[in-house]
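> structure, please.
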Amino acid sequence: MDLTNDCNVVQKMPQGSLGCPVTGTQTCYHNVPGARLYCSQREEREHVSERIVVFSSLQAVDVHLVRSVLTREGIPSFIRSQHISPLVGEVPVDEARVELYVFPQHLDSARQVIDDAVNQDGPDWVCEQCGEVNPCTFEVCWSCQNVPSLSVKSRS
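Residues are numbered from 1 along each chain as shown. Reported below is the predicted structural model:
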């Protein structure tokens, strides 16, 4: 399938790779880091059935945060309906949910990554630079942006 007219983003996949996860071709129009994807609605409808919803929320920011965690772990994901969420109250609630999709082969690892990110339990830690108390989920101090040493986070 040639999507050259449908997308403005093109990346040539390296030799020996599996190719584009959506089309299976050696030219990928979908997973170019740092680029925005502008696919036609026709192409989006064709491939949405190949994905599984792994997370959804009425708040687009929540979905984007979860997507950033998946991206950091190398799991490709796709957001759908992010521009409808501001219409809550005007459209049915189920229609306004922002959904995060992954491919079936990434479903188990995506669920594990999301569970680990959401269910982080542990003691708060005190910043060694400014003395502020930070929740265990913060990787940097909220006050001074200091990155704690491992000993500080494990001591607290």
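
> going forward, measure contacts and count neighbours with C-alpha atoms only.
Fine.

> can you give me the strands for the protein?
11-12, 27-28, 52-57, 78-80, 98-102, 125-126, 133-134 (DSSP state E).

> show me the one of these that comes nearest Q145.
strand 133-134 (10.9 Å; CA to CA).

> which residues touch the closest one?
D124, W125, V126, C127, C141, W142 (CA atoms under 8 Å, 6 or more residues apart in numbering).

> could you rerun that using 6 Å?
Contact partners of strand 133-134, identified using CA atoms under 6 Å, 6 or more residues apart in numbering, comprise D124, W125, V126.

> for the closest residue in space to the last one that isn't next to it in sequence, give its distance to D124.
Excluding its sequence neighbours, the residue lying closest to V126 (CA to CA, 6 or more residues apart in numbering) is V133, at 4.5 Å. Taking CA to CA, to the nearest Å as the measure, V133 falls 7 Å from D124.

> also L65?
21 Å.

> show me which of those two is the more surrounded one.
D124 (16 against 11; other CA atoms under 10 Å).

> is it true that P135 touches D124?
Yes. Here P135 lies in contact with D124, judged by CA atoms under 6 Å, at a distance of 4.5 Å.
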